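Trainee: would you be able to build a 3D model of this:
(2 chains)
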Amino acid sequence: MKKFFSNLSAEKKLAMFTFVLGVIAIFAGDPYGKTSIKINAKELSLISPNEIGKIKVEDIADNIIQSKSDYRLIDLRKPEEFAKYNIPTSENIQLDKLLNSELQRNEKLILYSDNDIEATQAWFLLKTNNFKGINIIPGGLNNWKDNILFPKCDCGENPSAEQKHKHDKLAEVSKYFGGNIQTNSAAESFVKNEMPQLAAPNGITLKKTSGKKKREGC
Amino acid sequence: MNAPFFKYEYFGTDVSLIIAFVIGIAFGFALERGGFGRATILAAQFYFTNMRVLKVMFTAIVTAMLGLFFLSVIGFLDLSLIYLTPTNVMPNLVGGLVAGVGFVIGGYCPGTSIVAVATGKIDALVYVIGMLFGIFVFGEMFPSIENFFNSTAMGSVTLPQFFNIPYGVVVFLVVVMAIGAFAAAEWGERKMANKSLEKKI
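Mentor: Below is the predicted model:
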């Protein structure tokens, strides 16, 4: 037997080794068996809010303007609220439908709602189901409204070049998304800014909840 | 579970790009050392006179398959985090046919053409220019073929899911298929070598 093996060529030895691994594979079990979900309540309770990935609204706005789409933006609010206004390129999936949705665990997800509570709940829900790249927008849509749609500029009467640049950038971004910048005088008389009607800016296509997914790494 | 490392956020996008670059260089080097920078060797596969491409491809498939399978079985790798390209039957068939015809005519596939350009092959440079032109035409034509591009979608489907058989059985069958293909390739090469020898005599 030993002589038989020593007489075999390297290719045949390799083929035999591969065949043995193939046979073992039949009895080795399910490779997905160890990825089943076991929620550890203790571990979950120890997760600090600091561990929650947070994305700034300014970064989201920049990404939308530059048509970057290496993430999915998820609006967790009710469909009627979503229909009234949503952040361009976002898709509407409610909290209770998250796990039954088409979201994939290898996608980068950014969650938002009116505030942090619902987004944080969704973060925990997805995290306990082994989703990895999950982030929230702190302050949600209110943050978007305050800092992107209707930002306030703290420039004085004689702004420096840096302040003027900041003011111009805020004004441009705000205009792009259908809002307008609030100057000091306007802010004083400001009562309540209405959300603009939903309309995707030029060059941006709103994502659909169904359809072909973005390809990765091919 | 420790892998995939990127999904477990052991490093960020910037580091992942550096790692991808290094792996890409190593892959290109391996291809070149394996003779895949020469169009004659690659095209010979389609005339069954040199089966090196088939052997290398099957070796890569079987190595990757066994590695992924056993690493996930022992709990090192979370297979559900590995990205699977969605299957669209008809577009995949047509795309495969176009790529195959291009492979035979040009003597390169996209990866090996870059390897050949790096070693100074002029024909590969022409191939790459043609490939870039094809990408440009595809991009420009995309709105008119988008419906076809998205047709016959099956989602991210795997053989065990499709045939509803255990993963291990599929692994075993692919191993048997690879060994069979290797044996057939060796036999075919010997046959072709004998024929060319007879012609010379």
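Trainee: which helix runs longest in the chain?
Mentor: Since you didn't name a chain, this refers to chain A. In chain A, with assignment by DSSP state H, the single longest helix is helix A:10-28.
Trainee: should've been chain B
Mentor: helix B:167-200.
Trainee: list the buried residues of that one.
Mentor: Neighbour counts using 16 or more other CB atoms under 10 Å in any protein chain shown place B:167-168, B:170-175, B:178-179, B:182, B:185, B:189, B:192 of helix B:167-200 among the buried residues. Placement of C-beta: from N, CA and C, glycine included.
Trainee: now those in CSV, with distance to chain A and pLDDT?
Mentor: Shown next, in CSV, are those (distance: CB to the nearest CB, whole Å; pLDDT from 0 to 100):
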residue, distance to chain A, pLDDT
B:Tyr167, 6, 90
B:Gly168, 4, 90
B:Val170, 9, 93
B:Val171, 4, 93
B:Phe172, 4, 94
B:Leu173, 8, 94
B:Val174, 8, 94
B:Val175, 3, 94
B:Ala178, 7, 93
B:Ile179, 5, 93
B:Phe182, 7, 90
B:Ala185, 11, 89
B:Glu189, 13, 81
B:Met192, 18, 76
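Trainee: would you map the strands across chain A?
Mentor: Here chain A has its strands, by DSSP state E, at A:53-54, A:72-75, A:91-92, A:109-112, A:134-136.
Trainee: does the second one reach chain B?
Mentor: Right, the one you point to is strand A:72-75. No: shown here: strand A:72-75 not in contact with chain B (CB under 8 Å from any CB of the partner chain), separated by at least 14.0 Å.
Trainee: residue 112: neighbour count?
Mentor: Going with chain A. 30 (other CB atoms under 10 Å in any protein chain shown).
Trainee: oops, chain B please
Mentor: Neighbour tally, B:Thr112, other CB under 10 Å: 26.
Trainee: now for the residue nearest to it when sequence neighbours are not counted: which residues touch it?
Mentor: Residue nearest to B:Thr112 in three dimensions, not counting chain neighbours: B:Phe36, with 4.6 Å by CB to CB, 6 or more residues apart in numbering or on different chains. Contact criterion CB atoms under 8 Å, 6 or more residues apart in numbering or on different chains gives B:Leu42, B:Val53, B:Val56, B:Thr112, B:Val115 as the residues in contact with B:Phe36.
Trainee: just checking, what packs against the worst-scoring helix or strand of chain B on mean pLDDT?
Mentor: Of all helical and strand segments in chain B, the minimum by mean pLDDT, DSSP states H and E falls on strand B:153-155, at a mean of 82. Judged by 3 or more CB pairs under 8 Å, 6 or more residues apart in numbering or on different chains; DSSP states H and E, the packing partners of strand B:153-155 are strand B:87-88.
Trainee: one more time with 10 Å, if that's ok
Mentor: Counting contacts by 3 or more CB pairs under 10 Å, 6 or more residues apart in numbering or on different chains; DSSP states H and E, strand B:153-155 is packed against strand B:87-88, helix B:89-106, helix B:159-163.
Trainee: one step back: pull out the buried positions in the longest helix of chain A.
Mentor: Quick answer for helix A:10-28 (16+ other CB under 10 Å): A:Ala15, A:Thr18, A:Leu21, A:Gly22, A:Ile24, A:Ala25, A:Ala28.
Trainee: and what of stretch A:161-170?
Mentor: Neighbour-count burial for stretch A:161-170 [16+ other CB under 10 Å]: A:Lys166, A:His167, A:Leu170.
Trainee: what about the chain, any weak spots by pLDDT?
Mentor: Since you didn't name a chain, this refers to chain A. Scanning chain A for pLDDT under 70 picks out A:33-49, A:156-157, A:184-218.
Trainee: my bad, the chain I had in mind was chain B
Mentor: In chain B (pLDDT under 70), the answer is B:1, B:196-201.
Trainee: quick test: name the residue nearest the centre of it.
Mentor: B:Met57 (6.6 Å; CA atoms, centre = their mean).
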